[in-house]
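>>> this is a predicted model, with the sequence first.
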Amino acid sequence: MADIHAIIETMEHRLMRAWLTGDTKTLKALTSRNFRMVVGSKPAVILDSKSWLAAAGVRFRCKSYRFGDIYARSVAGVAVFATQLDLEATLDREDWSGKMWVTDLWKKSRVRRRWHQVERILSLQDERSDVAAGVRSLQLWR
């Protein structure tokens, strides 16, 4: 069996580079239809797959990223990825940069057996009240 750490780390870099370049085709290919992003702001907010894909590279832009120590493991067909994330980003042209903790869940599709990200949890290291409102404004399903 291939080393899950190397596989998932590669997938994470592909996903982050796609966000960085605004490549929504690759983002869509790497995320599942039932993808959710949970942002640990105060209060916490959620972006569904459609909202995330519509916002990535347009309203929610990644300028650069750097992973810290990476943790990855496979449990019952699901891969868990967690790391410190030093992110330089903007949300509606407002600076959204900082140090965060990211936890991602990846699962293989049933038919083609490709890895897809099903969940991303971003935990911010500050309690700015404008973060929740900014992310909530990206939700297309409200």
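Noted; the coordinates are in hand.

>>> going forward, measure contacts and count neighbours with C-alpha atoms only.
Fine.

>>> show me what counts as buried in stretch 29-39.
Across stretch 29-39, burial judged by 16 or more other C-alpha atoms under 10 Å covers 30-32, 35-39.

>>> just these: which are in helices?
Among the buried residues of stretch 29-39, DSSP state H puts residue 30 in helices.

>>> would you map the strands across the chain?
All strands of the chain, identified by DSSP state E, fall at 31-40, 45-48, 60-75, 78-91, 94-95, 98-108, 115-124.

>>> what strands line up against the fourth one, and which way round?
Here the strand partners of strand 78-91, with direction, are listed using DSSP bridges: strand 60-75 (antiparallel), strand 94-95 (antiparallel), strand 98-108 (antiparallel).

>>> and the first one, by the same measure?
Counting by DSSP bridges, the strands paired with strand 31-40 are strand 45-48 (antiparallel), strand 115-124 (parallel).

>>> deepest-packed of the ones you listed, please.
strand 115-124 (a mean of 21; mean count of other C-alpha atoms under 10 Å).

>>> what residues does that strand touch?
29-41, 98-109 (C-alpha atoms under 8 Å, 6 or more residues apart in numbering).

>>> for that strand, output the C-alpha coordinates as CSV.
Extracted C-alpha coordinates of strand 115-124, given in CSV (Å, rounded to 0.1, in the frame of the first residue of the first chain):
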residue,chain,number,x,y,z
TRP,A,115,-9.3,10.9,-3.4
HIS,A,116,-11.7,13.8,-2.9
GLN,A,117,-11.7,16.3,0.0
VAL,A,118,-15.0,16.1,1.9
GLU,A,119,-14.3,18.4,4.8
ARG,A,120,-12.0,21.3,5.6
ILE,A,121,-11.9,22.9,9.0
LEU,A,122,-10.1,26.2,9.4
SER,A,123,-9.5,27.4,12.9
LEU,A,124,-8.4,31.0,13.1
